[in-house]
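Trainee: I'd like to go over a predicted model; first the sequence, then the structure.
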Amino acid sequence: MTSIDPSVAEQLTEAVRCRGMAKLLSHEVISRGMFSKSWTSGLAAAESWKEVLRNKEDGRIVQLFVARLLADHDRCLQTMRKALTYKDAVPKHQCCGMFCHLLDCLERNAPATQFKDMQDRLHKMFMESFMDPDLLHMVSSEVPPGDLKTVAAFRPFLAQLETMVREAKEEKEAALAATAREADLNRLLSNLENDFELLRSRVESSGKEAEAHALDMKYIRERQQRLGVLLFEG
């Protein structure tokens, strides 16, 4: 067990102490290195998922694997408990690896404020083994990264994210439309102001021309009157 993470080794030791090795897991599971760092359940038909299903340095997959095999063991009636064989352990490990992978995919698309709640609810369903058939179907029929919608438990959360994206898009479009309407209104008001200014300048110009014309007429009349007086006096 030298290549097993110390925390995992401690978990297994405590589990065996409390439950007994005989009805927990077979020696083959340990001897084949399933709890070891870098071991992968991406075998045979699941080879395309080899890296996804590999035990990582962070120990996330293998720790979930231990938690899951203990939960399955404890949930089973005592009279029906039996040691987990390597053959049965491989698909269980695959489910753990796939679940971690899909959570990562979901996290990349979900707001951080909502992902924690999604993760907790999904984890609870996973620990009850509800997702196993869909996860194993994905392993055997798809290639990485896979489609989250393959797993029914993820679909409501994907629909929620799609609704959020759609609403955000609609909100953005509405804001852009409002900005465009405001710009159009400002442009219209500016055009109207320019038109009024042009009309005012024309009115002022016409007024000045009329005033100048009146002065000219006055000057002509006065001049004609002076000429008439001179002619009469002459």
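Mentor: Done, it's in. Here the structure is a predicted model, which means the values were calculated and not measured.
Trainee: show me where this protein has helices.
Mentor: In the chain, the segments counted as helices under DSSP state H are 6-19, 27-31, 60-75, 86-109, 112-127, 132-141, 155-233.
Trainee: Could you break the protein into its assigned domains?
Mentor: The domain map for the chain lists 6-150, 174-234, with the assignment taken from automatic domain parsing.
Trainee: Quick check: end-to-end length of stretch 51-64?
Mentor: End-to-end distance of stretch 51-64 (CA to CA, to the nearest Å): 17 Å.
Trainee: gap between that stretch and the chain center?
Mentor: Computed by CA atoms, centre = their mean, to the nearest Å, the chain-centroid distance of stretch 51-64 equals 24 Å.
Trainee: residues contacting the residue nearest to Leu64 when sequence neighbours are not counted?
Mentor: If the residues on either side of it in the chain are set aside, Leu64 comes closest to Cys96, at 4.5 Å by CB to CB, 6 or more residues apart in numbering. In short, each C-beta sits where N, CA and C put it, glycine included. Contact analysis of Cys96 by CB atoms under 8 Å, 6 or more residues apart in numbering lists Ile61, Leu64, Phe65, Arg68.
Trainee: Go through those residues and name the one nearest Gly33.
Mentor: Among these, Phe65 lies closest to Gly33 (CB to CB), at 12.5 Å.
Trainee: That closest one contacts Val90, doesn't it?
Mentor: No. Between Phe65 and Val90 there is no contact, the gap being 10.6 Å when judged by CB atoms under 8 Å.
Trainee: Spatially central residue in the protein, please.
Mentor: Nearest residue to the geometric centre of the chain (CA atoms, centre = their mean): Asn109, 2.9 Å.
Trainee: can you pull the pLDDT of that one?
Mentor: We note a pLDDT of 91 for Asn109 in this prediction.
Trainee: Spatially, what comes nearest to it if we skip its sequence neighbours?
Mentor: Of all residues not flanking Asn109 in the chain, Leu161 sits nearest, at 5.7 Å (CB to CB, 6+ apart).
Trainee: close enough to count as contact, that neighbour and Cys105?
Mentor: No. The criterion here is CB under 8 Å, and Leu161 misses it with Cys105 at 11.3 Å.
Trainee: which of the two has more neighbours?
Mentor: A count of neighbours by other CB atoms under 10 Å puts Leu161 above the other of Leu161 and Cys105, at 18 against 14.
Trainee: who's more crowded, Phe65 and Val90?
Mentor: Ranked by neighbour count (other CB under 10 Å), Phe65 and Val90 place Phe65 first, with 24 against 19.
Trainee: what pLDDT does the more buried one get?
Mentor: pLDDT recorded at Phe65 is 97.
Trainee: Which pLDDT value belongs to the closest residue to it other than its chain neighbours?
Mentor: Ranked by CB to CB, 6+ apart and with sequence neighbours excluded, the top spatial neighbour of Phe65 is Cys96, at 4.5 Å. Listed pLDDT for Cys96 reads 98.
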